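Engineer: Provide a 3D model corresponding to the input given below.
(chains A and B)
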Amino acid sequence: MSLVRPIATKELQEIIRDGRLRLLGGIVVILALAALAFGAQQTHRAQEAREHASERAEKQWEGQGEKNPHVAAHYGTHVFAPTSVATAIDPGVTAYLGRSVKIEAHKRNLAAHSAAEDSASFQRMGSFSVSMVLLLLVPLLIIALGHGLWSRERESGTLRQLLSTGVERKSLLFGKAIALFLSIALLLVPAAVLVLGVLWALGGGDASTLMRLALLGLGYCVYFGIFGGLTLYASAASGSSRAALVAMIGAWGLFCLVLPRAATEVASAARPLPSQASLARDVAKSLEVGIDGNLEREAAVEALVEDMLAEEGYSDTGMLVDAATISGVELQAEARWEDSIHDHHMRALSDQMSAQEDFVTLAGFLSPFVAMRSLSAGLCGTDYAHHRHFTEYTEGWRKSLVTMLNKAFADNAGDAGWDYKAGPEVWKNAPAFNYAEPSPTFALQVHLRSVLALALWAFLSLGLALRSAQRVRVT
Amino acid sequence: MSTFRTVLQLEWRILKRDRSALAVLGIFALFLILAALAGGHQANSLANGIERTQSEEATRYAQLAIRLSELEKSETPLSAEDPRDSVWMGAVGSARVASLPPAPLASIAIGQRDLHPQSVRVTSEVHLTRERETETPMAGPTRLRTGAFDPAFLFVILFPLVVIALSYELLSGERERGTLAMLLSQPVSQSELVMGKATARLSALSGATLLFAVLGLVVAGADLGAPGALLALCLYAGVLIMWAVFWFAAAILVNSQGGTSAKNALVLVGMWLILVIIVPGLVNVGVDTLHPPPSSIDLLHEAREATQDVEKELNGLAGRHDVDPGSGETAQRIAVVQEELARRAEPVHQEVSAQIAKRQSLLDSLRFLSPAILVQLALEDVAGSGGARHQRFEAQADAFHDAYRAFFSERIQKGVRMGTADLQAVPRFIHEEEASGALLQRIFTAMGALLAAAAGLMLWARRGLGRIGRLTR
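Structural biologist: Numbers count the residues shown, from 1 in each chain, chains lettered A, B, ... in the order given. Sure, this is the predicted structure:
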């Protein structure tokens, strides 16, 4: 086993001395750094835009003047999805999701204003981010570096010589694998340090982000290892270096280009989504006759009002209740009725969307690219699950805001009724919007299937790499 | 010319027995049929959705006409959801649907159809931003991010790899097998030999590709007899052949440099990676950095602030539950306020449009940086899912919205009730296709650019092809 070291040194030197490989490696690193600069700039812009937009929305809300609290609830406000610092590495699906939610009474709005709507039409041909360089280009680099590790040795006749000196096949394998690993590490470790520095500057120094990044780094190491193992096997099993190269580029194309598209196409056919208009029609229908279609809106709201009055201690019908209190309670009852219907339909929609996303990850068992891509977006907080987490918090906040305003109406209006007007002192009392990103374990739980798929791929690739040492033909 | 034909025939015979070449073609043809089915599925579900909403609209209008004629006779006072009430009719009752019908060859490229509304509901309401309900099915974010598995994807991204597989050892293979020296001892020049071999492979590939492309259109259910379909089909074939010519020219250039087959393959795949994957990504980055997309959120705020006073009044009316905003004086005031809202939001909209136009013009010039972008955009144009067609639709829909709003606004402000004749007169959306001249011009520009690039590569290759000694060694 002591021979592993000299073998690895020799292979590494060969890789480093090859001008073409130096060029390839250089290009990949330069692209990664350019992508990092672009990602950091975009993330910074998005963070600033969000801060600016939130401030503006708050100013509009507080400066809306004197009006009835429920009229203010109609006027509403907007809240904006946060941009995690890891977006600089992997923007995931954020460009295709709405970034703002309109908050108003009676309605639960879908997140709107995705960046993709205004982008170029070939944006799907080549998105440019650090994660894309890592997911797409580094595997190609591994293939370029590794496809000849066994086959070239055989083609130049040195394999027979080597084995005749009594070197164990395993030692050769480990030497070659270590050289491949080190040559990639030599390129990527400095880049990774730079990435950490940039994220630090963007404000990602907290424990949760560091934990996410550590997991991300581990994930990518496994991902690269999978391609390394497959390349070593192809190099041993193919008749020539050329055949190994062609086979691995074919596999790369299948994993990274064909299967992701085919899988999402199948997923969207298997878990179809409604159109916005048909969703709106369904919601409107349910608002009239209930979710099951056997309730009348008036009756349902009436029942809720009575329940709520009873809760407040007005159950004795003889007790005098002023008009505004009734109005406030009625509004709240109406809101509850509407919320129950919106919640039902939105949950169904989100569930279906999650199901579609989940369906795609099944393809992770066919392509390590698909598995790593979804895990990467998850760990960077840029996947659908994190978006859903945000929109659910937002809906909770909307309800508490509307409740607060209806309560202000019920408590303060007195005899003025609908003519009662509240001012900034009420608007300032709006509950604070303090959304916090979920913990890294949330991401792991959501992407458990992708983790499992990667683990299976890693075992398969390790097994094949080990077999390659036995499989390689000497002549 | 006869030597050229001999080379051609010889190469044909070799190709017919080349099992790996046939396998590559077979796999590509299989993918192409699957992609056509997927593209056809999307186009059909879109067409069905549009048809559903149109028939829903027709039924709604028929019912309104019946109710109107009954109510006109009876002279009863207005009730809720009364078809005589122009406020309710404009906002809900007689809402129109403006749709962009899928083009005959829609299955070729989904383009931006999954991101941009293809069908919008038009009511008398004013929208500050493009928050309109659409009849296009929603798509999951991962599906949107990944892009569609449509023929355009196969042609733009995978097709060059097929060409490379068929051409990377055009000369180097002959040399490595030791047959090149023998061939050149015949009365044939090296250029003739290369051109003959390349032409044989190009014509075989083009023939097979076009056959399966048309077969794909048929299984996708494309209506090839529709007006404009034949022209689109010819343009489709033209773009594909030019794209193949470009990659054959690249392969000839690489082969003329005298490297080994393995090196040729690596260089060609590298070229593919740069032109097809990396440059489009960089172009996106360049445009996003130089002219960032207008922030719809800023637009929202601008419009909200510009119209805050108006909005206040509007919500002061619309949020009160003790008055019915759907009728009488309140309704008239709301209509006036809506007009004001539209007027004030206009400059903000114009600013955004200007920014989008700036981006578009930068993109128009940057697309020449990669032939892959040219081909993608050309295929989208042929499939009717390109940017130009959609922008025309948006403009037509906006104009229609204005006409529709004006129609009802006039009636609401005058306090006129709707009658059967008015119902017939509600503006109707008819999509006008772009004249085929503009489409032809765009596609011919793309084809010309591809041909020019191919010619440039061939000129470059001529020097290398002249030096026979180095190549046969």
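
Engineer: contacts, neighbours, all on C-alpha from now
Structural biologist: Will do.

Engineer: so where's the stretch 101-250 of chain B uncertain?
Structural biologist: B:127-134 (pLDDT under 70).

Engineer: what about B:Val120, which SS state?
Structural biologist: Secondary structure, DSSP: H, G, I helix; E, B strand; the rest coil: B:Val120 is strand.

Engineer: same question, B:Leu154
Structural biologist: Assignment for B:Leu154 (three-state DSSP): helix.

Engineer: By proximity to chain B, which residue of the stretch 351-475 of chain A wins?
Structural biologist: Going by C-alpha to the nearest C-alpha, chain B is nearest to A:Met353 of the stretch 351-475 of chain A, at 5.9 Å.

Engineer: which residues touch that residue?
Structural biologist: Contacts for A:Met353 were tallied using C-alpha atoms under 8 Å, 6 or more residues apart in numbering or on different chains; they are A:Arg271, A:Leu273, B:Gly140.

Engineer: Can you flag which of those residues belong to strands?
Structural biologist: In strands, judged by DSSP state E, none of the contacts of A:Met353 are found.

Engineer: Tell me the one among those nearest to A:Ala280.
Structural biologist: Nearest to A:Ala280 out of the contacts of A:Met353 is A:Leu273 (C-alpha to C-alpha; 13.1 Å).

Engineer: Can you give me the pLDDT of the closest one?
Structural biologist: Looking at A:Leu273, its pLDDT is 90.

Engineer: Give me the phi and psi for the residue nearest to it when sequence neighbours are not counted.
Structural biologist: Spatially, and ignoring its direct neighbours in sequence, A:Leu273 is nearest to B:Met138 (5.6 Å; C-alpha to C-alpha, 6 or more residues apart in numbering or on different chains). For B:Met138, the backbone dihedrals (degrees, to the nearest 10) come out as phi -70, psi 160.

Engineer: how many other residues sit next to B:Met138?
Structural biologist: Residues contacting B:Met138 under the criterion other C-alpha atoms under 10 Å in any protein chain shown number 19.

Engineer: do the one 5 residues further on as well
Structural biologist: In terms of burial, B:Arg143 registers 25 neighbours under the definition other C-alpha under 10 Å.

Engineer: Sticking with it, tell me its helix or strand.
Structural biologist: According to DSSP states H and E, B:Arg143 maps onto helix B:141-146.

Engineer: for A:Lys102, same thing?
Structural biologist: strand A:100-104.

Engineer: Let me see the mean pLDDT of that strand.
Structural biologist: Averaged over strand A:100-104, pLDDT sits at 87.

Engineer: Next secondary structure after that strand?
Structural biologist: Downstream of strand A:100-104, the next assigned helix or strand under DSSP H and E is strand A:107-108.

Engineer: Pretty sure B:Val188 sits in a strand.
Structural biologist: No. Counting by three-state DSSP, B:Val188 falls outside a strand, being coil.

Engineer: That one against B:Arg5, yeah?
Structural biologist: No. In this structure, B:Val188 is not within contact of B:Arg5 by C-alpha atoms under 8 Å, at 11.0 Å.

Engineer: Now list whatever residues contact both of those two.
Structural biologist: By C-alpha under 8 Å, 6+ apart, no residue touches both B:Val188 and B:Arg5.

Engineer: For B:Tyr168, give its distance to B:Tyr404.
Structural biologist: 60 Å (C-alpha to C-alpha, to the nearest Å).

Engineer: What of A:Ala422?
Structural biologist: Separation of A:Ala422 from B:Tyr404 (C-alpha to C-alpha) stands at 38 Å.

Engineer: Could you give the number of residues near whichever residue of chain A sits closest to chain B?
Structural biologist: Relative to chain B, the nearest point of chain A is A:Ser275 (3.8 Å; C-alpha to the nearest C-alpha). A:Ser275: 17 surrounding residues under other C-alpha under 10 Å.

Engineer: Same question for the one 10 residues further on.
Structural biologist: The burial count assigned to A:Lys285 is 14, neighbours taken as other C-alpha under 10 Å.

Engineer: Can you name the next helix or strand after the helix or strand hosting A:Ala201?
Structural biologist: Mapping A:Ala201 onto the secondary structure by DSSP H and E places it in helix A:169-202. Counting by DSSP H and E, the element after helix A:169-202 in chain order, helix or strand, is helix A:207-237.

Engineer: Show me what the next helix or strand after that next one is packed up against.
Structural biologist: Beyond helix A:207-237 in the direction of the C-terminus, DSSP H and E gives the next helix or strand as helix A:241-253. Contacts defined by 3 or more C-alpha pairs under 8 Å, 6 or more residues apart in numbering or on different chains; DSSP states H and E place helix A:241-253 against helix A:138-146, helix A:207-237.

Engineer: Could you export these to CSV, including columns for mean neighbour count, distance to B:Leu100 and mean pLDDT?
Structural biologist: Shown next, in CSV, are the helices and strands packed on helix A:241-253 (neighbours: other C-alpha atoms under 10 Å in any protein chain shown; distance: least, C-alpha to C-alpha, whole Å; pLDDT from 0 to 100):
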stretch, mean neighbour count, distance to B:Leu100, mean pLDDT
helix A:138-146, 23, 41, 91
helix A:207-237, 21, 43, 93
